[in-house]
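Student: next come a sequence and a model predicted from it.
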Amino acid sequence: MRIAGTQTGRYAHGIVASQPTSVRLLQDLIALPSVNPAFFSDPQLHGEHRVAAFLESAARRQGLDVESQAVVPGRSNLLVRLSPRGEVRHRVLLAPHMDTVGEPAYALQLTPVVRDGRIYGRGACDTKGSVAAFFQSLLNVAASGPRPNHTEILFVGLIDEENMQLGSRHFAQHGPQGDLAIVGEPTGLEIVTAHKGDVWLRLRTTGRSAHGATPHRGKNAVTAMARIVLALETEYAAELAARPAHPRLGRPTVNVGRIDGGRQPNIVPAECTIDIDRRTLPGETEAGVRREIIALLRRHGLKAAYDNLRTNPCEPLDTCPDLPLVRSLTRAAGRKGTRGVHYFTDAAPLAAGGTPSVVFGPGDIAQAHTEREWLAISQLEKSIQILERFLRALD
């Protein structure tokens, strides 16, 4: 099938060269700016609407049902539906996200480049590669061969994964639910059934300003925070490392990722803040993490005020790898089992909304958010083959 609006090999260093349909599709997607507005103030670059409009046009030409699911003003999830031949009894979701990060080197990555078996450009790996693979596999099933008898296939292009996961949280609340969601992320074609969650906390210490020449007249908020950082990075980190390990995720971790205090050297700082990244395992909660940190500080006679940096914490994922649809996808991928990852994804909100979810897609997470983001064409093509094999085997 030819995706309208593309030209054969038009991005390959200006040389006309025949490229597979999936490669042309990914090139077109990369060339459409869809930076999450949390990272860029330029309206010419942010928003997922360009990607959604492009995919909607291609889906309608294929005769597929398309729906726009408004999430926040100006930003909507895209739903593309392939109905089965008979009554709908089951539903499988193909759910990649359409937004990307901005920097580093964003301006250089809007022109996709094909070289040495790779596609370079922002989103090639995270996750326009998954968007291209999921969408192309859906089009292939719709265009030829048998489609499922009773299973609806629903492509869900999600917004805002890179920031607050508004798209997946909204979809989880408003549906429709499915029997399985395959969330697109660069897993190297592994099937991921578990990932860590993430709680971001800000701690603030307060003191009293004084002249730097007479520090004894003040109270140094940075000094107080230094004691807290030391307790978190040594005692608390050691406590977490000593806990029983999750079979696919290992142990929880803590990281102090940012510190800010004081205005200039000759003033005793009256305030200091740190931002904490606490990766959680299934069963852990934000409230539980807060209690642990409060108890730690009390043991050391330390005090701090707390703020949550996210309206909703990123929950961990722990889907049973023995679910029939998960096992079917695992077989289609030629894998003997599933694995876990340390980063969080849209799979957790979807699972919390009642749809068992896994993570799958072409590429290596090490390439995500980098200055020279790329995806191997072989991974893109193989991911489409795996998904087609899985989708055509559905009842």
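Tutor: Right, received. Where do you want to start? Because the structure is predicted, anything quoted here is derived from the model rather than measured.
Student: now do the contacts for Val199.
Tutor: 276-278, 280, 286, 289, 308, 310, 313-314 (CB atoms under 8 Å, 6 or more residues apart in numbering). All C-beta atoms are positioned from the backbone trio N, CA, C, and that covers glycine.
Student: ah, wrong one, I meant Tyr306
Tutor: 201-204, 290, 293-294.
Student: got it, and Thr187?
Tutor: Taking CB under 8 Å, 6+ apart as the test, what Thr187 contacts is 341, 359-361, 363, 365.
Student: per-residue pLDDT, it?
Tutor: At Thr187, the predicted lDDT confidence score is 98.
Student: now it: how far from Leu108?
Tutor: As judged by CB to CB, to the nearest Å, Thr187 and Leu108 stand 26 Å apart.
Student: what's the answer for Gly262, then?
Tutor: Counting by CB to CB - Gly262 and Leu108 are separated by 36 Å.
Student: for the two, indicate the residue with more neighbours.
Tutor: Applying other CB atoms under 10 Å to Gly262 and Leu108 shows that Gly262 carries more neighbours, namely 17 against 13.
Student: could you pull up phi and psi at that one?
Tutor: phi 80, psi 160 (degrees, to the nearest 10).
Student: surely it touches Cys272?
Tutor: Yes. At 7.2 Å, Gly262 and Cys272 qualify as touching, with contact defined as CB atoms under 8 Å.
Student: any residues in contact with both of these two?
Tutor: With CB under 8 Å, 6+ apart as the test, Gly262 and Cys272 both reach 221-222.
Student: which parts of stretch 275-282 are buried?
Tutor: 275-276, 278-282 (16 or more other CB atoms under 10 Å).
Student: mind jotting down where the strands sit in the stretch 101-250 of the chain?
Tutor: 113-115, 118-120, 151-157, 180-184, 192-195, 197-206 (DSSP state E, counting those that start in this stretch).
Student: what would these look like in JSON lines with mean pLDDT and distance to Val254?
Tutor: Shown next, in JSON lines, are the strands of the stretch 101-250 of the chain (pLDDT from 0 to 100; distance: least, CB to CB, whole Å):
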{"stretch": "strand 113-115", "mean pLDDT": "95", "distance to Val254": "39"}
{"stretch": "strand 118-120", "mean pLDDT": "97", "distance to Val254": "35"}
{"stretch": "strand 151-157", "mean pLDDT": "98", "distance to Val254": "33"}
{"stretch": "strand 180-184", "mean pLDDT": "98", "distance to Val254": "26"}
{"stretch": "strand 192-195", "mean pLDDT": "98", "distance to Val254": "17"}
{"stretch": "strand 197-206", "mean pLDDT": "96", "distance to Val254": "10"}
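Student: deepest in the core, which of these is it.
Tutor: strand 180-184 (a mean of 29; mean count of other CB atoms under 10 Å).
Student: what packs against it?
Tutor: Using 3 or more CB pairs under 8 Å, 6 or more residues apart in numbering; DSSP states H and E as the contact definition, the elements that strand 180-184 packs against are strand 90-96, helix 128-143, helix 324-332, helix 347-352, strand 357-360.
Student: who's in contact with the shortest one?
Tutor: The one in question is strand 357-360. With contact meaning CB under 8 Å, 6+ apart, strand 357-360 is reached by 95, 180-185, 187, 189-193, 195, 317, 319, 326, 329, 333, 338, 341, 345, 347-348, 350-351, 383, 386.
Student: send the alpha carbons of it over as CSV?
Tutor: Provided in CSV are the C-alpha atoms of strand 357-360 (Å, rounded to 0.1, in the frame of the first residue of the first chain):
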residue,chain,number,x,y,z
SER,A,357,-1.1,-4.2,29.2
VAL,A,358,2.3,-5.0,27.8
VAL,A,359,5.1,-2.9,26.3
PHE,A,360,6.6,-3.8,22.9
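Student: ok, the helix or strand just after that strand: who's next to it in the sheet?
Tutor: Scanning forward in sequence from strand 357-360 by DSSP states H and E, the next helix or strand is strand 374-376. Taking DSSP bridges as the criterion, strand 374-376 forms sheet pairs with strand 118-120 (antiparallel).
Student: hang on, the earlier thing: save the contacts of Tyr306 as a markdown table, and put in distance to Leu45 too.
Tutor: A markdown table is the format used below for the contacts of Tyr306 (distance: CB to CB, whole Å):
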| residue | distance to Leu45 |
| --- | --- |
| Leu201 | 31 |
| Arg202 | 28 |
| Leu203 | 34 |
| Arg204 | 33 |
| Arg290 | 37 |
| Ile293 | 38 |
| Ile294 | 41 |
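Student: ok, back up a step: from the contacts of Val199, which one has the minimum pLDDT?
Tutor: For pLDDT, the smallest value among the contacts of Val199 belongs to Arg310: 76.
Student: so is that residue in a helix, a strand, or just coil?
Tutor: The three-state label given to Arg310 by DSSP: H, G, I helix; E, B strand; the rest coil is coil.
Student: that one - how many residues pack around it?
Tutor: With other CB under 10 Å as criterion, Arg310 counts 14.
Student: can you list the domains in the protein?
Tutor: 21-195+316-392, 197-308 (automatic domain parsing).
Student: if we can go back for a sec, closest one to His246 among the strands of the stretch 101-250 of the chain?
Tutor: Ranking these by their distance to His246 (criterion: CB to CB) puts strand 192-195 first, at 7.1 Å.
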